[in-house]
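1. heads up, no residue letters with this:
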């Protein structure tokens, strides 16, 4: 079953595209897979989007997400807003 989209996902995706990143929304893949895949300057980034306006208890990974993140042998980033996504792209997060 596809997971729901966090309210801030469209804004983050739009802003990433505005700076020239390619973005594919993958939230519908389910099974804990991250929400978006971002292409930036020849590299790919997996990003799980959480809504930074919600309390920390509402931003936790779901059980499926936690398992996927635990088992993934590459990098995956959790971002709460565009600034954090930009930090990932600039190697600061």
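-> Happy to help now that I have it. Keep in mind it's a predicted model, so treat the numbers as computed, not measured. Numbering: from 1, shown residues only.

2. Is residue 86 part of a helix or strand, or is it coil?
-> helix (DSSP: H, G, I helix; E, B strand; the rest coil).

3. Grab the nearest non-local neighbour of it.
-> Counting by C-beta to C-beta, 6 or more residues apart in numbering, residue 86 lies nearest to residue 19, which is 7.6 Å off, once chain neighbours are set aside. Yep, even glycine has a C-beta here, placed from its N, CA and C like the rest.

4. likewise residue 50?
-> That would be residue 59: by C-beta to C-beta, 6+ apart, it lies 4.1 Å from residue 50.

5. what sits against the one you found?
-> 50, 51, 52, 80 (C-beta atoms under 8 Å, 6 or more residues apart in numbering).

6. could you dump the residues you listed to a markdown table with pLDDT?
-> Below are the contacts of residue 59 laid out as a markdown table (pLDDT from 0 to 100):
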| residue | pLDDT |
| --- | --- |
| 50 | 95 |
| 51 | 92 |
| 52 | 88 |
| 80 | 96 |
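
7. Looking at these, which is nearest residue 73?
-> Within the contacts of residue 59, the smallest distance to residue 73 is 22.1 Å, found for residue 50 (C-beta to C-beta).

8. burial count for the closest one?
-> 22 (other C-beta atoms under 10 Å).

9. Could you do residue 85 as well?
-> Counted with other C-beta under 10 Å, residue 85 comes out at 26.

10. what do you get for the one 5 residues further on?
-> One way to gauge burial is a neighbour count; for residue 90, by other C-beta under 10 Å, it gives 10.

11. again with residue 70
-> Around residue 70 there are 9 residues (other C-beta under 10 Å).

12. Same check on residue 28?
-> Count around residue 28 with other C-beta under 10 Å applied: 11.

13. next one: residue 8
-> 18.

14. Ok, residue 76 next?
-> With other C-beta under 10 Å as criterion, residue 76 counts 14.

15. How about it, nearest residue that isn't a chain neighbour?
-> residue 46 is the one closest to residue 76 (C-beta to C-beta, 6+ apart), at 4.4 Å.
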